[in-house]
Structure formats: C-alpha cells, structure tokens
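Enquirer: this is a predicted model, with the sequence first.
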Amino acid sequence: MTRPAPRPDRPLHLTALRLLAAVDELGGLGAAARAMGMAQPNASRALAALERELGAMLLDRGPRGSAPTPMGRAILAAAVPLFDAADAFHHDVDVLTSDGTAPLRVSASLTVAEHLMPGWLATYRRLHPGAEVGLRVRNSDRVFDEVLSGACDIGFVETPLSRKNLHGTVVADDHLVVIVAPDHPWATRGSTEGGEQNRVTAAELAATPLVLRERGSGTRAILDRALAPWNPVPPAVELGSNAAVAATVRAGQEPGVLSELAVADALAHGDLAVVDVGDELDFSRHIRAVWRGTGPLRAARDLIRIASS
C-alpha cells in the first residue's frame with residue numbers, strides 16, 4: 001500500500017481508532033462493532049478508510065477472528081493520548097454546556113469518604129455556592145473502576161496508582177495502626193521493662209488471625225504488602241467497613257488493623273488501644289486523587305487543591 005504524502009488537514013478518524021482498539025480487546029471485528037453500536041459492514045469500511053489514510057495495514061483479518069498487525073498495535077499505542085484528550089474534551093464540553101448544573105462526580109474509598117471528604121466538601125461548597133457534588137463510597141478497586149469507566153470525574157484512594165490510563169497526585173498522608181480491646185494482652189505491649197522493648201514483632205503479627213477489611217480496600221492492600229515477607233495466616237474475619245472492624249475488635253479477642261483516621265475517636269475515648277509494632281513494618285500510605293485523561297476537570301482541580309491544603 002502506497003503511503004500518501006503528509007497533509008496538515010489529515011483527519012484523525014477517532015471512531016476508527018477506537019474500533020481498532022475494540023478489535024484488539026475483543027478479538028474480532030463483529031464483537032468490536034457490536035460493542036460500539038455499529039453495523040459490521042460500516043465498521044469494516046471505517047477501518048479500511050483508516051488504513052488507506054495512514055497507508056498501512058492495521059488489521060489481520062482471518063476466518064477465526066481479527067487482530068491488529070504490529071503496525072496496528074504501534075498506532076494504538078500512539079493513540080492513547082488522543083483517546084485521553086478526546087475523553088477529557090467531551091466531558092469538559094458536557095460541563096460547559098450544562099449551565100453549571102452538572103454535579104461533580106466523586107468516588108472515594110471508605111476511609112477518605114468518612115474522615116476527610118466531609119471537610120473537603122464543606123470548603124468546596126463555600127467556594128462554589130450552589131454547586132452539586134455526587135459522592136460514591138467504594139473500596140479502592142471500585143474507585144479505580146469507576147474513574148476508568150467515566151462513571152466518576154475524580155477518585156480518592158489510599159493505594160498506589162496501579163491502573164493503566166489513570167493519572168494521580170498525592171493529596172494527604174495516612175498510617176495504619178494495630179488495634180486491640182483495652183483488656184487484650186497486647187494492650188500493654190511496648191512498655192519498657194529491664195531496658196528492653198516488649199513490642200509485638202512482625203512475625204508475631206503475621207502469625208495471628210486478624211480482623212481486617214476486605215480485599216480490594218486500600219487498608220487491606222497496604223497491610224498485605226507490609227506483611228508479605230512473613231507469610232501471614234488467613235484473617236480471623238474480613239469485614240466491609242471500618243466501623244465493623246472496630247466494633248469486632250472492641251467486642252472480641254482478635255487484634256485488627258485500621259487507618260489511624262478511622263480509630264482516632266475510639267482511641268481518645270479509651271474504647272480501643274494501639275499496639276506498638278515499632279519500625280519493623282511500614283504502615284504508612286499516601287492518599288491520592290486519581291483521574292482519567294490528560295488532566296482533571298476544572299471543578300475536580302479545585303477539590304484536589306482543597307484536599308492538598
């Protein structure tokens with residue numbers, strides 16, 4: 001296929017590029033066309049037009065399915081910033097043409113939503129009287145899913161940014177703590193007797209069944225990473241909220257692990273005690289704002305600035 005001379009007005013064929021990406025993901029032109037709401041003949045013509053425009057074969061078409069050629073995959077890799085920019089553009093246009101009535105859609109992990117978001121949103125509303133904010137409370141994995149899908153404009157999580165096509169920035173810091181009921185034997189650990197610290201070791205913690213948040217939560221991800229070298233035993237119980245973990249620890253004999261933000265009030269009232277585990281375990285974590293595309297929307301940037309202050 002002869003490559004045409006470059007033209008400054010060459011169209012981008014964004015729909016055809018997205019169709020090529022769908023073929024790569026779904027393994028066939030028919031499935032990709034259905035996913036994009038197109039008739040297969042129209043999808044085939046769109047890809048053929050893109051190949052003519054670029055002067056390269058982008059798709060291997062076979063009886064068992066279709067797949068991008070090496071050149072097609074290279075084109076898709078180069079198109080990622082274009083997809084992100086287009087998504088951001090369309091969303092910005094939706095906001096600009098909505099007369100300011102469209103709410104800022106936020107998805108936040110449980111710890112952030114319960115202990116940080118109320119203050120952030122109060123400040124945001126003072127700066128933007130009448131602004132609407134839709135807040136979804138999810139675990140960190142679900143926050144990533146909703147931001148990636150476009151269901152939310154901005155997300156806040158306590159886990160490292162590990163998803164492709166997402167961007168993020170640190171807005172705050174947090175720390176996990178091991179908690180027990182006040183009458184638990186570990187409640188007095190950490191006192192100095194005879195010049196030696198009687199701390200709970202990492203190996204001891206890993207060998208103890210704990211009351212924990214569910215997998216997919218930011219709290220659980222940080223704990224699993226910290227304890228991994230000591231091959232921790234299965235948890236005593238997994239629960240879907242910080243309040244449930246704290247209540248179970250308070251009522252039972254198993255230790256638990258939560259954000260210090262989540263247990264500050266219980267510690268202040270003497271309902272729980274923190275166990276000293278020294279510096280052997282890294283329980284620190286960053287709270288991040290995450291978004292899709294080249295940059296967060298203007299309203300989301302305002303919320304990020306508030307969270308970072």
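Expert: Arrived safely.

Enquirer: dump the C-alpha coordinates for the helix or strand hosting Gly30 into CSV.
Expert: Counting by DSSP states H and E, the element that carries Gly30 is helix 29-35. Below are the C-alpha coordinates for helix 29-35, written out as CSV (Å, rounded to 0.1, in the frame of the first residue of the first chain):
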residue,chain,number,x,y,z
LEU,A,29,-14.4,-7.2,14.2
GLY,A,30,-18.0,-8.3,14.8
ALA,A,31,-17.7,-8.1,18.5
ALA,A,32,-16.0,-4.8,18.3
ALA,A,33,-18.7,-3.4,16.0
ARG,A,34,-21.4,-4.5,18.4
ALA,A,35,-19.6,-3.0,21.4
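
Enquirer: which strands and helices lie in contact with that helix?
Expert: With contacts defined as 3 or more C-beta pairs under 8 Å, 6 or more residues apart in numbering; DSSP states H and E, the packing partners of helix 29-35 are helix 14-26, helix 40-54. C-beta: built from backbone N, CA, C; applies to glycine.

Enquirer: for the shortest one, the averaged confidence score.
Expert: So the one you mean is helix 14-26. Mean pLDDT, helix 14-26: 85.

Enquirer: and the angle from that helix to helix 40-54?
Expert: 110 degrees (axes from the mean of the first three to the mean of the last three C-alpha atoms, to 10 degrees).

Enquirer: what residues does the closest residue to Ala266 other than its chain neighbours make contact with?
Expert: In this structure, Ala266 finds its nearest non-sequential neighbour in Leu272, 4.4 Å apart by C-beta to C-beta, 6 or more residues apart in numbering. Shown in contact with Leu272 (C-beta atoms under 8 Å, 6 or more residues apart in numbering): Ile179, Val180, Ala181, Pro182, Ala246, Val249, Arg250, Val263, Ala266.

Enquirer: rewinding a little: list the buried ones in the helix holding Gly30?
Expert: By 16 or more other C-beta atoms under 10 Å, the buried positions in helix 29-35 come out as Leu29, Ala31, Ala32, Ala33.

Enquirer: next one: stretch 107-120
Expert: Within stretch 107-120, judged by 16+ other C-beta under 10 Å, the buried ones are Ser107, Ala108, Ser109, Leu110, Thr111, Val112, Ala113, Glu114, His115, Leu116, Met117, Trp120.

Enquirer: same question, stretch 35-43
Expert: Met38, Ala43.

Enquirer: returning to that earlier point: among the buried residues of stretch 107-120, which are in helices?
Expert: In helices, judged by DSSP state H, the following of those are found: Leu110, Thr111, Val112, Ala113, Glu114, His115, Met117, Trp120.
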